[in-house]
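Participant: My questions concern the predicted model and sequence given below.
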Amino acid sequence: MTVQDIRAFNRFYTNVIGALDYSRHLYAPFTLTESRVLYELAHSPRTDAADLRGELSLDAGYLSRILNRFEQDGLIERAPSQRDPRRRQVTLTVRGRETADLLAERADDSVGALLATVPDADRPRLAEALRTVRTLLSGSDRGRPRPEDVVLREPGPGDLGWIVQRNAALYAAEYDFNADYEGLVARIVADFAEDHDPHLERVWIAELDGRAVGCVMCVRDDAPGTARLRLLLVEPDARGLRIGDQLVGAVVEFARGVGYRDLVLWTNDILGAARRIYQRHGFVLSAEKPHRSFGKDLVGQDWRLDLHQRQ
């Protein structure tokens, strides 16, 4: 392996993905760098300019020009960071999120077309080769997943069924819930699949190294102006990467962005790790009541977040 080998591969791959003319490649008025900034904002709900500079290794002036353009086009809003008032938090507007979603859809289509040229029998070998490159060039923590390796995405074919299956399996293994819980999850997912408003309701899948490792849903509640967070789940082997925080943060920002006043959820007191995540995001316990469900004696809890108050 020589420097020239890597440079030759770089030239080949930038041509394959259309990096030199990305706006034409995706039929959108954004460069590859601009598209990547939108991607980071869509998948990291609490981001400031300093975070973006560090994550993308961008020059401060260059990033500032990109953000100024995005703000002028109504794609982002900037406000003092809650972590440090000296820094500026950047969030996507509704228009910005729609733009990011459109770019993601076109990028998926482009990569899908590329993948379609690879025979099915060769795809596992390609996936392993890509993982090998990432592992060998990832720096000092080689092979070890990082929070920034997690991608939040829309559900694809089969993902809603995965939500039902993994919820049923994990809650049976960890809390000894019976099949009644699987029935509840199946009804929630089926209701969403059959009838939901994509502007007001959404599902996120957390993906790591090409596999689903978590999920969460945001759906309309019966109370006017209220959204409900449902079915938060993180696979055991992916815990410790702040995936639960990313998923809950995505729901909070989405619900706030589309105009809900309150965000509510129902859980049980035995789910201590999930409760701590909700508390970190500002949820407040509003009621609790003992009940017998899923073959267990439980204490159900209602939690609420006022979306008018930024945390």
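Facilitator: That came in fine, so what should we check first?
Participant: now for the longest helix anywhere in the chain, which elements pack on it?
Facilitator: Ranked by number of residues, the top helix in the chain under DSSP state H is helix 94-115. If contacts are counted by 3 or more Cβ pairs under 8 Å, 6 or more residues apart in numbering; DSSP states H and E, helix 94-115 sits against helix 32-43, helix 243-257. (Glycine included, C-beta is placed from N, CA and C.)
Participant: Run the chain-centre distance for the helix or strand just after the shortest one.
Facilitator: Think helix 32-43. Where DSSP states H and E defines the elements, the next helix or strand beyond helix 32-43 is strand 47-48. Counting by Cα atoms, centre = their mean, to the nearest Å, strand 47-48 is centred 15 Å from the centre of its parent chain.
Participant: Likewise for stretch 174-194?
Facilitator: For stretch 174-194, the distance to the chain centre is 22 Å (Cα atoms, centre = their mean).
Participant: on that earlier part again, which of the helices and strands packed on helix 94-115 comes out lowest on mean pLDDT?
Facilitator: Mean pLDDT values for the helices and strands packed on helix 94-115 show the minimum at helix 32-43, a mean of 86.
Participant: orientation of that helix relative to helix 94-115 in degrees?
Facilitator: Helix 32-43 runs at 110 degrees relative to helix 94-115, counting by axes from the mean of the first three to the mean of the last three Cα atoms, to 10 degrees.
Participant: Counting by contacts, list what helix 32-43 packs against.
Facilitator: Partner elements for helix 32-43 (3+ Cβ pairs under 8 Å, 6+ apart): helix 49-56, helix 60-72, strand 88-92, helix 94-115.
Participant: got a markdown table for these, with mean pLDDT, mean neighbour count and distance to L130 too?
Facilitator: Shown next, in a markdown table, are those (pLDDT from 0 to 100; neighbours: other Cβ atoms under 10 Å; distance: least, Cβ to Cβ, whole Å):
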| stretch | mean pLDDT | mean neighbour count | distance to L130 |
| --- | --- | --- | --- |
| helix 49-56 | 80 | 15 | 20 |
| helix 60-72 | 91 | 14 | 28 |
| strand 88-92 | 83 | 20 | 28 |
| helix 94-115 | 88 | 15 | 11 |
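Participant: can you list the ones you listed in TSV and add distance to G272?
Facilitator: Listed next are the helices and strands packed on helix 32-43 as TSV, based on distance: least, Cβ to Cβ, whole Å:
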stretch	distance to G272
helix 49-56	29
helix 60-72	39
strand 88-92	29
helix 94-115	32
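Participant: if we compare the ones you listed, which one ends up closest to A273?
Facilitator: Nearest of these to A273, taken as Cβ to Cβ: helix 49-56 at 25.0 Å.
Participant: contact partners of the closest one?
Facilitator: 33, 36-37, 40-41, 44, 58-60, 63-64, 67, 87-88, 90, 148 (Cβ atoms under 8 Å, 6 or more residues apart in numbering).
Participant: what do you get if the cut-off is 10 Å, keeping everything else the same?
Facilitator: If you take Cβ atoms under 10 Å, 6 or more residues apart in numbering as the criterion, helix 49-56 is touched by 33, 36-37, 39-41, 44, 47, 58-60, 62-64, 66-67, 78, 81, 83-84, 86-90, 148.
Participant: now it and helix 32-43, what's the angle there?
Facilitator: Calculated by the same axes, to 10 degrees, helix 49-56 forms an angle of 120 degrees with helix 32-43.
Participant: mind listing what Y13 touches?
Facilitator: Contacts of Y13 by Cβ under 10 Å, 6+ apart are A19.
Participant: What strand or helix carries it?
Facilitator: helix 3-16.
Participant: chain center to that helix, what's the gap?
Facilitator: For helix 3-16, the distance to the chain centre is 30 Å (Cα atoms, centre = their mean).
Participant: what residues does the next helix or strand after that helix touch?
Facilitator: Going down the chain from helix 3-16, the next helix or strand is helix 22-25, by DSSP H and E. Contacting residues not belonging to helix 22-25 are listed as 14, 17-19, 28-36, 103, 106-107, 110 [Cβ under 10 Å, 6+ apart].
Participant: So how do I select the buried members of the residues you listed in PyMOL?
Facilitator: Selection of buried members from the contacts of helix 22-25 for PyMOL, criterion 16 or more other Cβ atoms under 10 Å:
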select buried, resi 28+30+32+34+35+36+103+107+110
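Participant: SS state for A121?
Facilitator: Secondary structure, DSSP: H, G, I helix; E, B strand; the rest coil: A121 is helix.
Participant: The helix or strand hosting E77 pairs with which strands, parallel or anti?
Facilitator: Using DSSP H and E, the element containing E77 is strand 76-80. Sheet pairing of strand 76-80 (DSSP bridges) gives strand 88-92 (antiparallel).
Participant: Could you check how far the strand it pairs with is from the centre of its chain?
Facilitator: Worked out by Cα atoms, centre = their mean, strand 88-92 lies 16 Å from the chain centre.
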